[in-house]
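Participant: predicted model and sequence follow; I will ask about them next.
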Amino acid sequence: MTVEHLDSGEILSQATAQGDRVYLCGLTASDLTQDIKGQTQEVLDKIDDRLAKMGTDKSKLLSANIWLDDLRRKPEMNEVWKAWLGDLARPARACVGAQLELNVQVEIMVVAAR
Amino acid sequence: MTVEHLDSGEILSQATAQGDRVYLCGLTASDLTQDIKGQTQEVLDKIDDRLAKMGTDKSKLLSANIWLDDLRRKPEMNEVWKAWLGDLARPARACVGAQLELNVQVEIMVVAAR
Amino acid sequence: MTVEHLDSGEILSQATAQGDRVYLCGLTASDLTQDIKGQTQEVLDKIDDRLAKMGTDKSKLLSANIWLDDLRRKPEMNEVWKAWLGDLARPARACVGAQLELNVQVEIMVVAAR
């Protein structure tokens, strides 16, 4: 079965898909002057965009990996996460602390159905 | 194809599935007074439970991500892991150190067939 | 649907597959005296080997998780990564810093189609 790629660049594709499964890259905010809530919102907006381009949306998320620069910021990230998902059923998720690029406070990578 | 959810809560679902693929959330022990071996056993018991509720079991694990608060504890975690799998074929696995919630020594997230 | 395993050992399998989806374990270099570029090349050679044994190749990568002992080494790892992929479309990818085993500078875990 063929593999589809979205915006394959020098290093990575923004998303790939095979059949009814979509894999997004680890996304971070572009405006890194934002606090973690602002960064999370920008990341989730990017996820919406990539999912749409792959023919799916956040109602079909299967799993999410979230990395935080400082795990103590998780409640703030979660506020934005919950608002984003609204009344939708949640994906399976793991959230751990990790070393991220300078000034990056949150990175999210998801797998979705379509 | 429809996405199934197990115990979708405020933040995450305990598991999701699409077709013959099951995704569990990152699981941690509830009793955090336990040492890493006790925590690992409780996490693996939770994995058995979530897999059963999704119509599968540990013989069908595809991959596992394990995060340890202190990677030097890996041999102790592995003892419990090996006993849990017994004679079953092993999943693909990665185990790295990461910042986890206070007193959490191990977190495990798996993908399984069903 | 049956799960296939490649070299199931005491702890993990080198790869598993279900249908047209292949999961590799987190791979690290065996010769840990190498610098990060050498380690990355050895890891990518191992990935080629495991993919071949599972009936696929790097042109069908879906996603990759990369962990670096020191995220500042990412540009050096990326040089080897880009050369390895050549003109192929890239997988979705995330790369974060994490605690790895002693002297391990890079660990990579991929999912591929076949």
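Facilitator: It's in.
Participant: thinking A:A15 is in contact with A:Y23, fair?
Facilitator: Yes: using C-beta atoms under 8 Å, A:A15 makes contact with A:Y23 at a distance of 6.5 Å. For glycine as for every other residue, the C-beta is placed from the backbone atoms N, C-alpha and C.
Participant: more neighbours: the two, which one.
Facilitator: Neighbours were counted for A:A15 and for A:Y23 using other C-beta atoms under 10 Å in any protein chain shown; A:A15 has more, 28 against 24.
Participant: and the more buried one, backbone torsions?
Facilitator: Main-chain dihedrals, A:A15, degrees, to the nearest 10: phi -160, psi 160.
Participant: overlap in contacts, A:A15 and A:Y23.
Facilitator: C:A92 (C-beta atoms under 8 Å, 6 or more residues apart in numbering or on different chains).
Participant: get me the contact residues on chain A for chain C.
Facilitator: A:1, A:3, A:5, A:8-19, A:21, A:23-26, A:65, A:67, A:98-101, A:107, A:109, A:111 (C-beta under 8 Å from any C-beta of the partner chain).
Participant: where does pLDDT dip in chain A?
Facilitator: Nowhere does chain A drop to pLDDT under 70.
Participant: which parts of it are helices?
Facilitator: Assigned by DSSP state H, the helices in chain A fall at A:36-53, A:74-85.
Participant: separation between A:Q34 and A:K82?
Facilitator: Plainly put, A:Q34 is 19 Å away from A:K82 if you go by C-beta to C-beta, to the nearest Å.
Participant: these two - which one has more neighbours?
Facilitator: Under the criterion of other C-beta under 10 Å, the comparison of A:Q34 against A:K82 puts A:Q34 first, with 15 against 12.
Participant: so what's the more buried one up against?
Facilitator: A:E42 are the contacts of A:Q34 under C-beta under 8 Å, 6+ apart.
Participant: what does it show for phi and psi?
Facilitator: Here A:Q34 shows phi and psi, under degrees, to the nearest 10, equal to phi -70, psi 150.
Participant: would you mind measuring from it to A:D45?
Facilitator: 12 Å.
Participant: need the contact partners of stretch A:6-14.
Facilitator: Contacts for stretch A:6-14 (C-beta under 8 Å, 6+ apart): A:5, A:15-16, A:24-25, A:50, A:53-54, C:64, C:78, C:81-82, C:89-93.
Participant: buried subset of these, written for PyMOL?
Facilitator: Of these, the buried ones go into a single PyMOL selection, burial set by 16 or more other C-beta atoms under 10 Å in any protein chain shown:
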select buried, (chain A and resi 5+15+16+24+25+50+54) or (chain C and resi 64+78+81+89+90+91+92+93)
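Participant: so which of the contacts of stretch A:6-14 also contact chain B?
Facilitator: Among those, no residue lies close to chain B (C-beta under 8 Å from any C-beta).
Participant: which parts of stretch A:49-68 are buried?
Facilitator: Here stretch A:49-68 shows A:50-51, A:54, A:56, A:58, A:60-68 as buried, counting by 16+ other C-beta under 10 Å.
Participant: who's in contact with A:K58?
Facilitator: Listed by C-beta under 8 Å, 6+ apart, the contact partners of A:K58 are A:47-48, A:51, A:84-85, A:88, A:112.
Participant: state the pair within those residues that is farthest apart.
Facilitator: The distance between the two most remote of the contacts of A:K58 (C-beta to C-beta) is 13.9 Å, for A:W84 and A:A112.
Participant: of these two, which one has the most company?
Facilitator: Shown here are A:W84 and A:A112; by other C-beta under 10 Å, A:A112 has more neighbours (29 against 16).
Participant: the more buried one bridge partners, please.
Facilitator: Note on A:A112: beta-bridge partners by DSSP bridges are A:V22, A:L61.
Participant: pretty sure it is touching A:T56, no?
Facilitator: Yes: under the criterion of C-beta under 8 Å, A:A112 makes contact with A:T56 at 5.2 Å.
Participant: okay, and the common contacts of the two?
Facilitator: A:V22.
Participant: now the residue nearest the centre of chain A: how far from C:V96?
Facilitator: Centroid-nearest residue in chain A: A:I108, 3.6 Å away (criterion: C-alpha atoms, centre = their mean). In this view, A:I108 and C:V96 are 11 Å apart by C-beta to C-beta.
Participant: residues that sit against both of those two, list them.
Facilitator: Any residue near both A:I108 and C:V96 by C-beta under 8 Å, 6+ apart counts here, and that gives A:26, A:67.
Participant: picking up where we left off before, distance to B:T40 added to the contacts of A:K58, as a markdown table?
Facilitator: Below are the contacts of A:K58 laid out as a markdown table (distance: C-beta to C-beta, whole Å):
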| residue | distance to B:T40 |
| --- | --- |
| A:I47 | 32 |
| A:D48 | 37 |
| A:L51 | 34 |
| A:W84 | 32 |
| A:L85 | 30 |
| A:L88 | 32 |
| A:A112 | 30 |
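Participant: and those residues, which is closest to B:S30?
Facilitator: A:L85 (24.1 Å).
Participant: which residues touch that closest one?
Facilitator: A:K58.
Participant: need the residues of chain A near chain B, please.
Facilitator: Residues of chain A lying close to chain B (C-beta under 8 Å from any C-beta) are A:20-21, A:59-65, A:70-71, A:78, A:81-82, A:89-98, A:111, A:113.
Participant: right, I'll call it a day here.
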